[in-house]
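Trainee: Take a look and give me a structure for this.
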Amino acid sequence: MSSLPLLVIVAIIFVVLAIVAGLLKEKSVGRADASHSYELRKPFFSPAERSFAGVLEGALPNGVRMFGKVNLADVFKARKGLSQSERRSALNSIDRKHVDFLLVRSSDLAPLAGVELDDRSHERDDRKDRDAFVDEVFRSCALPLLHIPAQAGYNQAELRTKIAAVVGPR
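Mentor: Okay, here's the model as predicted:
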């Protein structure tokens, strides 16, 4: 008789330990082991983007800065008043899409315009669809989006004029 309560206590302890172990395992499910799952992407920009970035930096008016490869979800959000389903759909549509460069006001980093460097990949049908969608997102939020054709060299003064036309004089 005296061994029965001891067995019950041991069984309860095992059950509690199993539950705690399960909860700890459940907490880590879906979380990648950072030390084994990631590596640094190199380079951040393609050679064409890097070349253009240098020209773009020199063409920016005073009071304007640029950021590269900005996720659209960091710039845009779903409008108020959408149903949960519409909101999720809107967010999914911009998920994993970025703009090559985002021009921002230096004082508060408010977005002023996007810049897309259009290389040959933009001639593909899937890219045309993606570009048309991104253009509409920018247009619907009254944020200018410049499309600059990729080329071997750029005229910095011409680029400065195009930027000034969309961000205004600084």
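
Trainee: can you give me the strands in the chain?
Mentor: When assigned using DSSP state E, the strands of the chain occupy the ranges 64-71, 98-105, 111-118, 145-149.

Trainee: Figure out which of those strands is closest to L23.
Mentor: strand 64-71 (33.1 Å; Cβ to Cβ). Any C-beta I mention is one placed from the backbone N, CA and C, and that applies to glycine too.

Trainee: follow-up on the earlier one: output the strands of the chain in JSON lines; the columns should cover distance to E86, mean neighbour count and mean pLDDT.
Mentor: Output for the strands of the chain, formatted as JSON lines (distance: least, Cβ to Cβ, whole Å; neighbours: other Cβ atoms under 10 Å; pLDDT from 0 to 100):
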{"stretch": "strand 64-71", "distance to E86": "20", "mean neighbour count": "16", "mean pLDDT": "96"}
{"stretch": "strand 98-105", "distance to E86": "23", "mean neighbour count": "21", "mean pLDDT": "97"}
{"stretch": "strand 111-118", "distance to E86": "23", "mean neighbour count": "21", "mean pLDDT": "96"}
{"stretch": "strand 145-149", "distance to E86": "23", "mean neighbour count": "17", "mean pLDDT": "96"}
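
Trainee: what about those, which gets the closest to A90?
Mentor: strand 64-71 (14.5 Å).

Trainee: And the residue nearest the centre of this structure?
Mentor: In the chain, the residue lying closest to the centroid (Cα atoms, centre = their mean) is N71, at 2.0 Å.
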